[in-house]
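Peer 1: My questions concern the predicted model and sequence given below.
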Amino acid sequence: MSLLKLQNVSKVYQQGQIQVQALKDIQLEVQEGEFLALVGPSGSGKTTLLNIIGGLDDSSTGSVILNNIELTCLKESELSDFRLFQLGFIFQAYNLVPVLSALENVELVTLLQGRPAKECRERAEHYLNLVGLKAMKDRRPSALSGGQQQRVAVARALAAEPRLVLADEPTANLDSENATALLDIMHRLSHEEKTTFIFSTHDQRVMERAERIVSLRDGQIYQDQVKGE
Amino acid sequence: MSAVFARLNMLMFIAWRNVWRNPIRSVLTVSALAGGVIMLILYYSLMAGISQQMIRFATEISTGRIQIQRQAFIQDQDLYATIPWQYLTQLEQQNPSLQFAPRLYAAALASHQESSTGVQIMAVDSQRERPVTKLLTHVRQGQMNLEQGIEQDGMTYAPVVLGYQLARNMGVTLGDELVLVSQAADGSIGNDLFRVAGILKPINPTFDRMGVLMSIESYKALMYLETGIHEIIVNFEIEPLQTSNSEDWLSTIQQQLMTQITAQEQAQPLDKLGGKVQVRNWREVSPSLSQMLALSHSMMLMTGVVVMSLASLGMLNTMLMAVHERRQEFAILRAIGMKRRWLLLMVSLESLFLALISAVMGSLLGTWMSLRFEHQGIDFSASMPDGYDWAGMVFEPVMHGLLLPEHIYQSCLMMLVISMLASLFPAWLSTRHRPAESMR
Ligand SMILES: Nc1ncnc2c1ncn2[C@@H]1O[C@H](COP(=O)(O)OP(=O)(O)O)[C@@H](O)[C@H]1O
Ligand SMILES: [Mg+2]
């Protein structure tokens, strides 16, 4: 059974007089546990697609079924809850709340989920440990390197125990060494935690880490490759 | 339950840290709000000080807290609407903790050399008057011993004390002779020769222009009125504003006196013409003073709203800037599942912290400043030694504030409410942006 199913998803942005077709007729099915890269040049629709999957944006037409739920039917507050419990997000930059330490940032989502404070603290420490940042747990984001910040974001996404983690160009601001290191952590955790990852990138070396590569061009999928096939 | 608390705790924690994110901006906001609170506390204590002074002046010098008169005397100064002396002595026996002063009134014509004018005679019993009002110590020139005759040219004259404007208008000074002519109670023309023993400080505009003070003995001799008195002034030892239940006290005592008098009216019936005996408090006696106090109350409220609204513009600006700067941060929080209402709560908590800090700072400083003002006062006696007379009210030359606890919490409450209202819009704004758009 698939975790995510997109059918005929299109997105048209109205920009003044002109209409921009950001996505056109997307069909995509993702199974549980996949480690999938969304690739394509800038402007090809990667962010738009991830936002629609994450319920941050609506599609113009088509249906998005995630974990047996049709997202287009959900109300604003239901979407909030859905994101809180089922999804993890990692963005390109500024992921973290600047006034909170690394540990508190990881705790944040689980506290919002309504878990007891003690459990949240233990979880946050556990996941920071998994991304190798135990020693940095009391630092504020401004005292962490870009790569470390992204690892905290990964820990935060996983601490919520989501079904699916969406990462929009998580390595875009990192040098290649840090980028591949981050991908390795994500890849390892996707296996250990049995969590599905969909991440976008236009970096060749990052792409290579993926098990499946979906290529976008002008808002359309033109290639869908599974490694080892 | 504990999980809800943990979540709230986290939101409070972030909000508190956010307060210190831009310290200069927060300090400026707090300064504006705390400054508003300080101004209000000072203003409120000044107004209370003035009100207290006005009430005290009115009640201690002439009106008293409570007045007892016959209905016909209240309505048209009916000379015959008197209260028997026994009423007074009985009230004195029944209420040892209260002080009573009898008074008698009459209209008369006063002349001195060429000038003559209509005056209002007020007769008091010095012994009883002194503990009740400060009328007899409120003297500008001369002496106030109304019972002691003045020896001059081998004759003994009864003394009178005049309102200061009357003395000036008639060109009368201490020791001058004054003739008073009036229609006495028996219908004859009463007239007597007096000597001016003293001149009063300002009391109230009517008395200042027309008042002539004399002893009850002199009055009886002039007016042939033996049946009783026109007015009983009652006072007691409670600060008018300082104690919050002084109003209850006033009405309790008023009630008590009314009951006692009704009983007396049954035991010793009065003539029909003079009407019932009325017990009125100073608010009923001087409705203009009471209205003015009510007016100053609503003025105080309005000033509070205006001052705090201006001060809250700082809050509005700060929160608008904060919310604008953190659009992306809020978008990410929303993306990871923060509900709109939590975000709203978080931003409101930040404003609340700013407002609470301002409340603490403002009330500490405001209290300190107004306590100093209460003790030292502002002294205008160099420019107006007699105080200041406005719309029938006389102000003392040294103005003192009066700080009451409610001034502090009212100012703080007003600040909290208005500044939180001002931050509602920014807080609401923070939840309006769609996360996908804010992140571009
Ligand atoms: N809010 C928007 N309004 C108008 N056009 C948009 C908006 N968001 C994205 N687009 C357009 O949609 C297309 C896809 O953008 P995007 O999803 O950001 O691509 P990518 O993430 O692959 O760079 C681009 O042509 C972009 O200009
Ligand atoms: Mg993009």
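Peer 2: On my side now, so go ahead. Ligands and ions are numbered 1, 2, ... in the order given.
Peer 1: Quick one: mean pLDDT over the strand ranked longest in chain B.
Peer 2: Secondary structure of chain B read by DSSP state E shows that its longest strand is strand B:99-112. Strand B:99-112 carries an average pLDDT of 93.
Peer 1: What is that strand packed up against?
Peer 2: Counting contacts by 3 or more C-beta pairs under 8 Å, 6 or more residues apart in numbering or on different chains; DSSP states H and E, strand B:99-112 is packed against helix B:85-94, strand B:115-124, helix B:126-132, helix B:164-170, strand B:177-183, helix B:216-223, strand B:231-235. From N, CA and C alone the C-beta is placed, and that goes for glycine too.
Peer 1: Pull the distance from that strand to the chain's centre.
Peer 2: Mean-position distance between strand B:99-112 and its chain equals 27 Å (C-alpha atoms, centre = their mean, to the nearest Å).
Peer 1: Quick one: closest of the helices and strands packed on strand B:99-112 to residue A:223.
Peer 2: Among those, strand B:231-235 comes nearest to residue A:223, with 100.8 Å by C-beta to C-beta.
Peer 1: Listing partners with orientation, what would you give for that closest one?
Peer 2: strand B:66-70 (antiparallel), strand B:99-112 (antiparallel) (DSSP bridges).
Peer 1: Skip ahead from it and say which helix or strand is next.
Peer 2: Following strand B:231-235 in sequence order, the next helix or strand is helix B:246-267 (DSSP states H and E).
Peer 1: what about that following helix, average pLDDT?
Peer 2: 87.
Peer 1: Show me where chain A dips below the pLDDT cut-off.
Peer 2: Where chain A drops to pLDDT under 70, the residues are A:228-229.
Peer 1: Just give the number of residues close to the closest residue to chain B within it.
Peer 2: For chain A, the residue closest to chain B is residue A:84, as judged by C-beta to the nearest C-beta, at 2.6 Å. Burial of residue A:84 is recorded as 19 neighbouring residues (other C-beta atoms under 10 Å in any protein chain shown).
Peer 1: Is it correct that it is in contact with residue A:115?
Peer 2: No: with contact defined as C-beta atoms under 8 Å, residue A:84 and residue A:115 do not form a contacting pair (11.2 Å).
Peer 1: sorry, back to before: pull out the buried positions in the longest strand of chain B.
Peer 2: B:99-106, B:108, B:110-112 (16 or more other C-beta atoms under 10 Å in any protein chain shown).
Peer 1: coming back round to it: would you mind telling me which of the strands paired with strand B:231-235 is nearest residue B:316?
Peer 2: Of all these, it is strand B:66-70 that lies closest to residue B:316, at 50.1 Å by C-beta to C-beta.
Peer 1: how about stretch B:8-25 as PDB, C-alpha atoms only?
Peer 2: Taking C-alpha atoms only, stretch B:8-25 is exported to PDB below (Å, rounded to 0.1, in the frame of the first residue of the first chain):
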ATOM      1  CA  LEU B   8       2.000  26.600  27.500                       C
ATOM      2  CA  ASN B   9       5.200  26.700  29.400                       C
ATOM      3  CA  MET B  10       7.100  26.400  26.100                       C
ATOM      4  CA  LEU B  11       5.200  29.200  24.500                       C
ATOM      5  CA  MET B  12       5.800  31.400  27.500                       C
ATOM      6  CA  PHE B  13       9.400  30.500  27.400                       C
ATOM      7  CA  ILE B  14       9.800  31.500  23.800                       C
ATOM      8  CA  ALA B  15       7.700  34.600  24.300                       C
ATOM      9  CA  TRP B  16       9.900  35.700  27.300                       C
ATOM     10  CA  ARG B  17      13.100  35.100  25.300                       C
ATOM     11  CA  ASN B  18      11.600  37.000  22.400                       C
ATOM     12  CA  VAL B  19      11.200  40.000  24.700                       C
ATOM     13  CA  TRP B  20      14.900  40.200  25.000                       C
ATOM     14  CA  ARG B  21      15.700  39.600  21.400                       C
ATOM     15  CA  ASN B  22      15.800  43.300  20.600                       C
ATOM     16  CA  PRO B  23      16.600  44.800  24.000                       C
ATOM     17  CA  ILE B  24      16.800  48.400  22.900                       C
ATOM     18  CA  ARG B  25      13.400  48.200  21.400                       C
END
